[in-house]
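# dropping the sequence and predicted coords here.
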Amino acid sequence: MPDMSGTKNQASAPCPICGGHAVLSYETQEFNYGPEADGVVLAAVVPVLTCRDCDEQILGEEAEEIMHEAICAYLGRLTPREIKAIRTSFGMLQGDFAELTGYGTASIKRWEAGSQIQSDSVDKHIRLVRSIGAPEARKRTRKPSQPDLRMPYDEAKWSYARQFELRKPRVSSGERIAA
């Protein structure tokens with residue numbers, strides 16, 4: 001996105017807080033990512049609605065998406081838009097893509113919506129699936145047929161198994177053991 005930081009008068013709208021006159025501008029916003037001790041400060045150019053009457057600044061959904069993409073770039077992960085593009089390039093619904101990759105449909109939805117960032121290993125797996133294509137991925141992830149582990153019935157072995165006793169039966173209190 002080109003640097004439009006400070007560009008004013010892009011659009012105006014009523015302020016959602018006081019009802020006054022708000023103006024949209026694009027500004028560089030810095031934000032913290034990660035725990036305080038190990039966190040980093042990231043920056044992104046985002047749309048900001050600034051009210052001329054109450055002086056409040058409002059970041060909308062688009063700003064959140066841009067900041068999420070900045071976090072993905074920092075982590076080296078696919079963005080929600082890229083994950084969706086991979087899935088749709090395969091002509092798949094979220095459930096179909098989940099079945100292909102082995103992840104849950106709910107996870108695919110969260111990654112595409114930007115409510116969660118996929119782990120590094122998941123990101124690498126999705127990139128691999130993209131690089132080999134859906135047909136090859138289906139071929140490689142097809143579940144192997146279940147081997148038939150049943151033994152053929154052998155009456156002699158079953159007869160022996162029914163007679164086998166690990167220990168002699170206990171003697172009840174009234175019986176005597178013959179010597």
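On my side now, so go ahead.
# from Gln94, how far off is Ala161?
51 Å (Cβ to Cβ, to the nearest Å). Heads up, the C-betas are built off the backbone N, CA and C, glycines and all.
# other SSEs contacting the longest helix anywhere in the chain?
If you go by DSSP state H, the chain has its longest helix at helix 61-75. The contact analysis (3 or more Cβ pairs under 8 Å, 6 or more residues apart in numbering; DSSP states H and E) places helix 61-75 against strand 21-33, strand 40-51, helix 80-89.
# sorry, back to before: which one's more surrounded, Ala161 and Gln94?
Gln94 (17 against 9; other Cβ atoms under 10 Å).
# and the more buried one, how close does it get to Gln146?
For Gln94 relative to Gln146 (Cβ to Cβ), the value is 28 Å.
# and if you look at Asp53?
To Gln146, Asp53 is 70 Å away according to Cβ to Cβ.
# who's more crowded, these two?
When neighbours are counted by other Cβ under 10 Å, Asp53 and Gln146 differ, and Asp53 comes out ahead with 12 against 6.
# show the pLDDT at that one.
pLDDT for Asp53: 90.
# Tyr153 too?
Per-residue confidence (pLDDT) for Tyr153: 75.
# and what of Phe164?
76.
# contacting residues around it?
With contact set as Cβ atoms under 8 Å, 6 or more residues apart in numbering, Phe164 has no partners.
# please state the backbone phi and psi of it?
phi -70, psi 130 (degrees, to the nearest 10).
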